[in-house]
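> Show me the folded form of this:
(one chain, ligands or ions: 2)
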Amino acid sequence: MQEGLFGLGMDGTPLAEGIKPEEQEIFLDFSDSEKVQSTLSITVVGASGDLAKKKIFPALFALYYEDCLPENFMVFGYARTKLTNEELRNMISGTLTCRIDKRANCEDKMEQFLKRCFYHSGQYNSEEHFAELDSKLKEKEAGKLSNRLFYLSIPPNIFVDVVRCASLKASAANGWTRVIVEKPFGRDSESSAELTRCLKQYLTEDQIFRIDHYLGKELVENLSVLRFSNLVFEPLWSRNYIRNVQLIFSEDFGTEGRGGYFDNYGIIRDIMQNHLLQILALFAMETPVSLEAEDIRNEKVKVLRSMRPLQLEDVIVGQYKGHNKGGKIYPGYTDDSTVPNNSLTPTFAAAALFINNARWDGVPFLMKAGKALHTRRAEIRVQFRHVPGNLYKQNFGTDLDKATNELVLRVQPDEAIYLKVNNKVPGLGMRLDRSDLNLLYRARYPKEIPDAYERLLLDAIAGERRLFIRSDELDAAWSLFTPLLRELEENKIFPELYPYGSRGPVGAHYLAAKYNVRWGDLSGEDSQE
Ligand SMILES: NC(=O)C1=CN([C@@H]2O[C@H](COP(=O)(O)OP(=O)(O)OC[C@H]3O[C@@H](n4cnc5c(N)ncnc54)[C@H](OP(=O)(O)O)[C@@H]3O)[C@@H](O)[C@H]2O)C=CC1
Ligand SMILES: O=C1O[C@H](COP(=O)(O)O)[C@@H](O)[C@H](O)[C@H]1O
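Numbering: from 1, shown residues only. Ligands and ions are numbered 1, 2, ... in the order given. Okay, here's the model as predicted:
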């Protein structure tokens, strides 16, 4: 069967506003009878869990709401918890939301969506239970050509069991079978390679969709557009003009409820090795031959392989401690009952990375990720070099860094792209200040931005792999972090404690200063803060 059987908007409704019919042909290259004669089932394995409830079911509903799912689709929840179809529907319905601009028929749509949701309770390592699931799927597929997508929203220690049982007992008989695998993909190079080896006993690489939901975020998708379709940026995109690049992730809450998982991984594996590194690769890669998935992934691998593995002296780690603010007590990381009292797991890390290629030689790429900080945000900051022989040097005082241009891509919240430029303050004198050229998404694009999981689910259904991680990318990513992680753990490096809700450990400033960098998010002169 052809890949990409289900394109977008199978019922012929426009995919999204602004897409012309002739453009839709790109996706809809199947006959009407094929559309009607085929079915898509999406089985969410681990349906009783946090991610399924918070993200996956709402994303599926949003796709249904936008008419992006094929005509004959159904959603199956699978987990050990005993639930009836009705109970699953009640559970899901509490988490569904409607698009702001189209609330009119939302209730009806929800009802129709929920009618397509079913549940099967089973063990994750039971071929028999997956065979039962298969029977239920077949019953609903009613002899039509079937395509099956499994979403593994479960802890990683059971990935292989599920893939074995699903592939042996519940693969599509005559359509495609694809599996979306959630992170973490292993804990280091060895475990990741072992996981891939085990998955490949049952699946081909083309069937495996390793998800990194940051790749589905609007601003991350836009990174390539910004670079490669604007003459003003790409020529500047190198060591010749860029002084440093900062990739910043912060959350204003701790590991609440996920301490058990988190303690085994820590912030470097949870955020840096995947989300921030993926953004770095997209940011720094060479121009791909085309927008085809393999061309883009080839370039990403090349960048990752050009990087030097992280050195301990280029990393600082931290862990949040309890804090009493305004009479409210914020718990420390080790106050979580699922976290050992003596845990050294970092909840914060800052690192300097380098790419040893002609474009980026010597440019520090600074990463910073932390939980329980003062704000929630994710952004990419590009600090440009000083203007050589700047005519206005005397207007800036001694701190020339304050006068350099900075491009900020705010991934979340409040998506925005802004460029800090020097400008004359209007008036008779000659005073300069740094102002922002600001593209604030909510002002420019009133339509609500889809959640990353919507885009990624849609891509997996369409067989589009561009935003999923290929196994060699994963290997390259782990190679950069594994020696460091091993050193941190073997040497029991003590994390610097920082108060819950603070700006993180001061060590992050020293690390940046070592490379003559100041964190842009803490400069205090960011008008966007
Ligand atoms: N939650 C999040 O925000 C994010 C999660 N992820 C990843 O997504 C996956 C799912 O996450 P999440 O929903 O939070 O996970 P949960 O801990 O909620 O687990 C999902 C389901 O798996 C089953 N389960 C849990 N622990 C075990 C176990 N030890 N053995 C067998 N089954 C178990 C439970 O279902 P039952 O008991 O009914 O079988 C549970 O409802 C994980 O790989 C996680 O790392 C990735 C990004 C963000
Ligand atoms: O993958 C993960 O991401 C979330 C943050 O995702 P966001 O889309 O809300 O920014 C993080 O909280 C979690 O620890 C991590 O596993």
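
> If we ignore the residues flanking it in sequence, what's nearest whichever residue of the stretch 151-300 of the chain sits closest to ligand 2?
Nearest residue of the stretch 151-300 of the chain to ligand 2 (C-beta to the nearest ligand atom) works out as D270 at 4.8 Å. Every C-beta, even on glycine, is put in place using the N, C-alpha and C of the backbone. Closest residue in space to D270, ignoring its immediate chain neighbours: F262 at 6.5 Å, by C-beta to C-beta, 6 or more residues apart in numbering.

> Same question for D188.
Using C-beta to C-beta, 6+ apart, the closest residue to D188 is T482 (4.4 Å).

> helix/strand/coil for that neighbour?
helix (DSSP: H, G, I helix; E, B strand; the rest coil).

> Next: the one 4 residues further on.
Using three-state DSSP, the secondary structure recorded for R486 is helix.

> check contacts around the nearest residue to it once chain neighbours are set aside.
Of all residues not flanking R486 in the chain, D188 sits nearest, at 7.1 Å (C-beta to C-beta, 6+ apart). Each residue near D188 by C-beta atoms under 8 Å, 6 or more residues apart in numbering is listed here: W478, F481, T482, L485, R486.

> Give the ChimeraX command for selecting the buried subset of those.
The ChimeraX selection below is limited to those of those classed as buried (16 or more other C-beta atoms under 10 Å):
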select :478,481,482,485
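
> filter the contacts of D188 by proximity to ligand 2?
When C-beta under 6 Å from any ligand atom is applied, no member of those is adjacent to ligand 2.

> contact partners of stretch 212-219?
Residues outside stretch 212-219 that contact it (C-beta under 8 Å, 6+ apart): 55, 183, 220-221, 274-275, 278-279, 282, 378, 380, 409-412, 415, 417, 441, 449-456, 459, 467-469.

> again, only this time at 6 Å
220, 274-275, 278, 409, 411, 415, 449, 452-453, 455-456, 467, 469 (C-beta atoms under 6 Å, 6 or more residues apart in numbering).

> how far does it stretch from start to finish?
This stretch, stretch 212-219, spans 14 Å end to end (C-alpha to C-alpha, to the nearest Å).

> what's the average pLDDT for that stretch?
In this model, stretch 212-219 has a mean pLDDT of 98.

> And stretch 413-433, by the same measure?
Mean predicted confidence for stretch 413-433 is 94.

> What is the burial count for the residue of the stretch 151-300 of the chain closest to ligand 2?
Per other C-beta atoms under 10 Å, the neighbour tally for D270 reads 24.

> Helix, strand or coil: sort out it for me.
helix.

> Okay, it and S135: tell me how far apart.
38 Å (C-beta to C-beta, to the nearest Å).

> E490 too?
50 Å.

> Which of the two has more residues huddled nearby?
With neighbours defined as other C-beta under 10 Å, E490 and S135 compare such that S135 has more, 11 against 8.

> quick one: which helix or strand includes the more buried one?
Assigned by DSSP states H and E, S135 belongs to helix 127-141.

> one step back: same list as before, the contacts of D188 that is, but in JSON lines and with distance to ligand 1 included.
Shown next, in JSON lines, are the contacts of D188 (distance: C-beta to the nearest ligand atom, whole Å):
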{"residue": "W478", "distance to ligand 1": "16"}
{"residue": "F481", "distance to ligand 1": "17"}
{"residue": "T482", "distance to ligand 1": "19"}
{"residue": "L485", "distance to ligand 1": "17"}
{"residue": "R486", "distance to ligand 1": "21"}
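
> Let me know the average pLDDT across the helix or strand harbouring the residue nearest to D270.
According to DSSP H and E, F262 maps onto helix 259-263. For helix 259-263, the mean per-residue pLDDT is 91.

> That helix and ligand 2, are they touching?
No: applying C-beta under 6 Å from any ligand atom, one finds helix 259-263 separated from ligand 2 by no less than 6.8 Å.

> Return the distance of that helix from the chain's centre.
Between the centre of helix 259-263 and the centre of its host chain there is 19 Å, according to C-alpha atoms, centre = their mean, to the nearest Å.

> Please save the CA atoms from that helix in CSV.
Output of helix 259-263 as CSV, limited to C-alpha atoms (Å, rounded to 0.1, in the frame of the first residue of the first chain):
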residue,chain,number,x,y,z
GLY,A,259,9.3,13.2,40.2
GLY,A,260,9.5,9.4,39.8
TYR,A,261,10.2,9.7,36.1
PHE,A,262,12.3,12.8,36.3
ASP,A,263,14.7,11.5,38.9
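
> near ligand 1 at all, the next helix or strand after that helix?
Using DSSP H and E, the next helix or strand after helix 259-263 towards the C-terminus is helix 266-267. No: applying C-beta under 6 Å from any ligand atom, one finds helix 266-267 separated from ligand 1 by no less than 12.8 Å.

> Can you confirm whether the helix or strand just after helix 266-267 lies near ligand 2?
Using DSSP H and E, the next helix or strand after helix 266-267 towards the C-terminus is helix 277-284. No: using C-beta under 6 Å from any ligand atom, helix 277-284 stays clear of ligand 2, coming no nearer than 11.2 Å.
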